[in-house]
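Chemist: coords below, sequence missing:
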């Protein structure tokens, strides 16, 4: 907060000087005190202070002044800022003028001239105390409103989250129920091959449900702050090699080949080993899931002075600018679809970003329609990078 200011207005220099002196005895050097001999000068001072970022806490104005009377000045000040405390000095003002100032300027108090020094000082002290208390109330109210809006958004997100989760669970659950009922009702007439095929359908649907539930639990743990990944110096190459070998087998039905490119035999990073596995598992899984049949996936390892970078590049259809803006959000549904009718929860990349942030890394995507997509993950080499 910039220095708080007080504006004093009176057309008699001697009175203005006396007013400044007595206010200084109350506030010392904690407030900037500006003086004006008429209403127009006071408004100019107000504008200048506001532009400089000062907060005007108090305006004390005489009533009888040339060009613009005190009640009109305080009304204009009030229109500019309702939180400023206004005091009017009057030796000749009638009740009508005071009532006008109270009604249109929210007058805090009027003081008769000549004033009593003790009365003026007490009034100024109480007025500034009122201003500061009002500011605290405003700040507290703003904080409450901000928290309230955050709670409303959280509740909306929760309802949306549950709605999508229930919808995504209902489909495989309905399929399991239907296939199970078919086996129960037609078991005696079903050949063994058909029973096995139907059982595989049930198994695949249950896996879809398990994947969604696991992702939902991961999201809940991440957002509730229950995951506390312990970071250590880890060679992440064995993790990458394990995943490439695993997904090379899984990608065979789609005739997709995975190729690991590395120059070093070791890539040390300051990370959590299990979290790195989950991050890369998700990204490589997506590359296989969204790659057309017969394509290649390249995994490239690079090391700089501060980071270890892993790039997962596919030869899919690529992502539009609109799709790229939706990446890393919960339950995101992108234009490209899994090429082998694989299941997608829409939570994977959201979880990946949270995990990467948790270990102080960085993840992003580069893509162009018709030219495939590359996901990059950078892991810090040293603690605090």
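Modeler: Received the coordinates, thanks. These figures come from a predicted structure and were not determined experimentally.
Chemist: Distance of the spatially closest residue to residue 329 that is not a sequence neighbour relative to residue 219?
Modeler: Closest residue to residue 329 apart from its sequence neighbours, by CB to CB, 6 or more residues apart in numbering: residue 350 at 5.9 Å. For glycine as for every other residue, the C-beta is placed from the backbone atoms N, C-alpha and C. Going from residue 350 to residue 219 by CB to CB, to the nearest Å gives 7 Å.
Chemist: anything in contact with each of the two?
Modeler: In terms of CB atoms under 8 Å, 6 or more residues apart in numbering, residue 350 and residue 219 are both contacted by the residues residue 330.
Chemist: need the next SSE after the longest helix along the chain, C-terminal direction.
Modeler: Using DSSP state H to assign secondary structure, the helix with the most residues in the chain is helix 117-186. The C-terminal neighbour of helix 117-186 among helices and strands, as given by DSSP states H and E, is helix 192-223.
Chemist: quick one: low-confidence ranges for the stretch 151-300 of the chain?
Modeler: 160-165, 167-168, 171, 208, 215, 222-228 (pLDDT under 70).
Chemist: Recalculate using a threshold of 50.
Modeler: By pLDDT under 50, the stretch 151-300 of the chain has no low-scoring segment.
Chemist: returning to that earlier point: quick check: which element contains the residue nearest to residue 329?
Modeler: helix 348-358.
Chemist: buried sites along that helix?
Modeler: Using 16 or more other CB atoms under 10 Å as the test for burial, helix 348-358 gives 348, 349, 350, 351, 352, 353, 354, 355, 356, 358.
Chemist: From the contact counts, what lies against it?
Modeler: Judged by 3 or more CB pairs under 8 Å, 6 or more residues apart in numbering; DSSP states H and E, the packing partners of helix 348-358 are helix 192-223, helix 273-290, strand 362-367.
Chemist: Let me know which of these is the nearest to residue 323.
Modeler: Residue 323 lies closest to strand 362-367 among the helices and strands packed on helix 348-358, at 8.1 Å (CB to CB).
Chemist: Around residue 257, count how many other residues there are.
Modeler: Neighbour count of residue 257, defined by other CB atoms under 10 Å: 13.
Chemist: again but with residue 243, I slipped
Modeler: 21.
Chemist: most neighbours per residue, which of the helices and strands packed on helix 348-358?
Modeler: Ranked by mean neighbour count, the helices and strands packed on helix 348-358 are led by helix 273-290 with a mean of 21 (mean count of other CB atoms under 10 Å).
Chemist: pLDDT wise, what is the residue nearest to residue 68 when sequence neighbours are not counted at?
Modeler: Nearest residue to residue 68, sequence neighbours excluded (CB to CB, 6+ apart): residue 39, at 3.2 Å. pLDDT, residue 39: 93.
Chemist: For residue 39, which residues are in contact?
Modeler: 9, 61, 65, 67, 68, 69, 70, 72, 73, 76.
Chemist: hmm, back to that, starting at the chain centroid, how far to the helix holding residue 350?
Modeler: Averaged C-alpha coordinates place helix 348-358 at 15 Å from its chain's average position (CA atoms, centre = their mean, to the nearest Å).
Chemist: cool, stretch 262-274 as well?
Modeler: 31 Å.
Chemist: With stretch 88-101 instead?
Modeler: 50 Å.
Chemist: got the end-to-end distance for that stretch?
Modeler: From its first residue to its last, stretch 88-101 covers 8 Å (CA to CA, to the nearest Å).
Chemist: Name the residues of that stretch that are buried.
Modeler: Quick answer for stretch 88-101 (16+ other CB under 10 Å): 88, 89, 90, 93, 97, 98, 100, 101.
Chemist: From those residues, which one has the minimum pLDDT?
Modeler: residue 93 (58).
Chemist: before we move on, back to that, could you check the angle helix 192-223 makes with the longest helix of the chain?
Modeler: 170 degrees (axes from the mean of the first three to the mean of the last three CA atoms, to 10 degrees).
Chemist: Remind me what helix 117-186 packs against, helices and strands.
Modeler: Helix 117-186 packs on helix 13-27, strand 55-62, strand 85-90, strand 109-112, helix 192-223, going by 3+ CB pairs under 8 Å, 6+ apart.
Chemist: could the ones you listed be laid out in TSV, adding distance to residue 118?
Modeler: Listed next are these as TSV, based on distance: least, CB to CB, whole Å:
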stretch	distance to residue 118
helix 13-27	10
strand 55-62	16
strand 85-90	15
strand 109-112	12
helix 192-223	59
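Chemist: Figure out which of these is closest to residue 145.
Modeler: strand 55-62 (20.5 Å).
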